[in-house]
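**Student:** Compute the structure for the input listed below.
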Amino acid sequence: QVQLVESGGGGVQAGGSLRLSCAASGRTLVSYTIGWFRQAPGKEREFVTAVAWTYGNTYYADSVAGRFTISRDGAKNTVYLQMNSLKPEDTAVYYCAADRRVGSNYYLRAAYNYWGQGTQVTVSS
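**Tutor:** As a prediction, the model looks like this:
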């Protein structure tokens with residue numbers, strides 16, 4: 001079992017930055033794929049970014065590419081989401097998720113069995 005805890009959310013003005021953290025316990029994240037998803041009010045949860053831990057491959061939704069960066073810290077068993085140039089449309093609850101054997105399905109919610117509780121990000125204009 002993997003337990004995931006997100007932190008770092010908050011309020012920021014458009015153009016600002018935030019860094020979210022996803023700390024894992026229970027198992028090392030080596031060999032896992034870790035994804036970030038977000039859900040805005042009234043919308044479905046959508047893929048944001050993912051990293052395949054073993055080789056460090058990263059994937060981004062078009063809407064965040066060039067603004068968001070996912071990274072990992074093996075010593076802390078933690079994944080980070082650096083969000084720059086934030087826009088009001090980035091406002092959502094952000095969730096991290098993890099699983100093995102995600103492969104090319106990294107953008108699908110159903111590919112992940114372990115989820116954090118979410119952290120709220122609010123971007124004001």
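**Student:** Let me see the confidence value for the one residue sitting closest to the centre of the chain.
**Tutor:** The centroid of the chain falls nearest to Trp36 when counting by Cα atoms, centre = their mean (2.2 Å). As predicted, Trp36 sits at a pLDDT of 98.
**Student:** Now do the same contact list for it.
**Tutor:** Contacts here follow Cβ atoms under 8 Å, 6 or more residues apart in numbering; on that basis Trp36 touches 20, 22, 48-50, 70, 79, 81, 94-97. Backbone N, C-alpha and C define where each C-beta goes, glycine included.
**Student:** how about the nearest residue to it, chain neighbours excluded?
**Tutor:** On the basis of Cβ to Cβ, 6 or more residues apart in numbering, the spatially nearest residue to Trp36 that is not a chain neighbour turns out to be Val48, at 4.3 Å.
**Student:** looking at this, that neighbour is in a strand?
**Tutor:** Yes - remark: Val48 belongs to a strand, assigned using DSSP: H, G, I helix; E, B strand; the rest coil.
**Student:** show me what contacts it?
**Tutor:** Residues in contact with Val48 (Cβ under 8 Å, 6+ apart) are 35-38, 60-61, 64, 68, 81, 94.
**Student:** Apply 6 Å and report the result again.
**Tutor:** By Cβ atoms under 6 Å, 6 or more residues apart in numbering, Val48 lies in contact with 36-38, 61, 64.
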